[in-house]
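**Q** kindly generate the corresponding structure for this input.
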Amino acid sequence: MAAIESVEIRMVNLIPKTKRVDAIQSFVSQETPIVRITDADGAVGVGYSYTIGTGGPAIIELIARSLAPALIGREASMVEQVWRDLLFLTHATSVGAITSLALAAIDTALWDLRCRKAGLPLHVMAGGARDKVELYTTEGGWLHLPTEALVADALKAKAEGFGGSKIKVGRPAVEDVARLAGLRAAVGTDFEIFTDANQAFAVDEAIRRARLYEAADIGWFEEPLPADDVDGHVRLSRATTIPVAIGESLYSPSQFRDYLQRGACSIVQVDVARVGGITPWLKTAHLAETFNVRVCPHFLMELHVALCCAVPNARWLEYIPQLDDITGERMAIDQGCALPSKSPGLGIDWNVEAIEHLTVEGGLRRLGKNG
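**A** Sure thing, here's the model as predicted:
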């Protein structure tokens, strides 16, 4: 046991290598808060979260002004206690995206620190359910791409051993159907096709679209409706044979409970950053397990690979490279499956020089010893 002595907070802005367009937005930047926690033994843990576009400075300010000062002197190993205390400290702004993203940056750093001191990789420390997880790709399925590009990317992924690909929907219905039909004809029946609407539809349109999409035998219909419309998801789930996937826009385990209790989803896509860290991610995954529901997390493949291998009900990992500009060794892939790192900690090989170089102006804060 050792108390936290210092906290360093940085924000880097990562520009995607691939043009990313969905039904409601273009993903043009990723503001990435990074937290480094050092305890009295000199052990260090590094965690992070992210935004799609803007909002990063608000996360940095919440950490620097409210959360990080409350960490100094706390026992770093008491991760659950610290997470709950920080949640209560921010109860006036919870549940919400900014608070959850700030909590996640700290919680992932504490888990990294705990795992490093124990000499264990995250996937073992958090459960140790498996040693690999199957991949599907999203990087070649963006809404602006023509059908030919979708097909080429999916065939490439299939040749590399990936089990499926995801394409964005939200064009006129006839165009979506044609794109799905063309893709299914090209990849055959032994390759999954997933769809993602990014909350673009009203209930009537989602029900209609689901009926039209069924012919392509798609693996799931992701975020068909606004995330706060639980009733709409119940109606849709009852109206279609396609599994309904939700989760990237939910910010607490209790929100997932509402969906699961009401039969409003068949796939849980809990995002470790948006739900508030590894501590609530694991609660959500185990909650889904009690409902016999699979976990297929959103984004953050470099971190989710370990979490998917920690729990028994994870099914797919989404392939979207996120941290290439600030890491050395990449996530290991073998025959279409992602392999968790065997190194102690989160398993992310941070490039310290690159992080320092990409830290935005005014994006560095230090608290505590030597702060």
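
**Q** what about the lengthiest helix in the chain, average pLDDT?
**A** Criterion DSSP state H: the longest helix present in the chain is helix 97-118. Mean pLDDT, computed over helix 97-118, is 98.

**Q** what's downstream of that helix, the next helix or strand?
**A** helix 122-125 (DSSP states H and E).

**Q** starting at the chain centroid, how far to the helix or strand that that following helix is followed by?
**A** Next along the chain after helix 122-125, taking DSSP H and E as the criterion, comes strand 133-137. Mean-position distance between strand 133-137 and its chain equals 14 Å (C-alpha atoms, centre = their mean, to the nearest Å).

**Q** residues in contact with strand 133-137?
**A** With contact meaning C-beta atoms under 8 Å, 6 or more residues apart in numbering, strand 133-137 is reached by 153-154, 157, 162-166, 192, 194, 305, 308-309, 314-320, 333, 336-338. Heads up, the C-betas are built off the backbone N, CA and C, glycines and all.

**Q** and the very next helix or strand once past that strand, what does it pack against?
**A** Per DSSP H and E, the first helix or strand lying C-terminal to strand 133-137 is helix 147-159. Packing partners of helix 147-159 (3 or more C-beta pairs under 8 Å, 6 or more residues apart in numbering; DSSP states H and E): strand 133-137, strand 164-168, helix 173-187.

**Q** so which of the contacts of strand 133-137 sit within strands?
**A** Applying DSSP state E to those, the entries found in strands are Gly164, Ser165, Lys166, Glu192, Phe194, Trp316, Leu317, Glu318, Tyr319, Ile333, Cys337, Ala338.

**Q** residues near the first one, how many?
**A** With neighbours defined by other C-beta atoms under 10 Å, the count for Gly164 comes to 23.

**Q** which residues of the stretch 251-371 of the chain fall in strands?
**A** With DSSP state E, counting those that start in this stretch, the ranges of strands along the stretch 251-371 of the chain come out as 267-268, 294-295, 316-319, 332-334, 337-339, 359-368.

**Q** okay, those strands in a markdown table with mean pLDDT next?
**A** As requested, the strands of the stretch 251-371 of the chain are exported to a markdown table (pLDDT from 0 to 100):
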| stretch | mean pLDDT |
| --- | --- |
| strand 267-268 | 98 |
| strand 294-295 | 98 |
| strand 316-319 | 98 |
| strand 332-334 | 98 |
| strand 337-339 | 98 |
| strand 359-368 | 95 |
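
**Q** can I get those in a markdown table including distance to Tyr48?
**A** Shown next, in a markdown table, are these (distance: least, C-beta to C-beta, whole Å):
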| stretch | distance to Tyr48 |
| --- | --- |
| strand 267-268 | 22 |
| strand 294-295 | 21 |
| strand 316-319 | 17 |
| strand 332-334 | 20 |
| strand 337-339 | 18 |
| strand 359-368 | 13 |
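
**Q** Gly42 is nearest to which of those?
**A** strand 359-368 (13.2 Å; C-beta to C-beta).

**Q** where does the stretch 251-371 of the chain have low pLDDT?
**A** 371 (pLDDT under 70).

**Q** contact partners for the closest residue to Leu346 other than its chain neighbours?
**A** Leaving aside its sequence neighbours, Leu346 sits nearest to Asp112 (C-beta to C-beta, 6 or more residues apart in numbering; 4.7 Å). In this structure, Asp112 makes contact with Gly45, Val46, Gly47, Leu122, Gly345, Leu346, judged by C-beta under 8 Å, 6+ apart.
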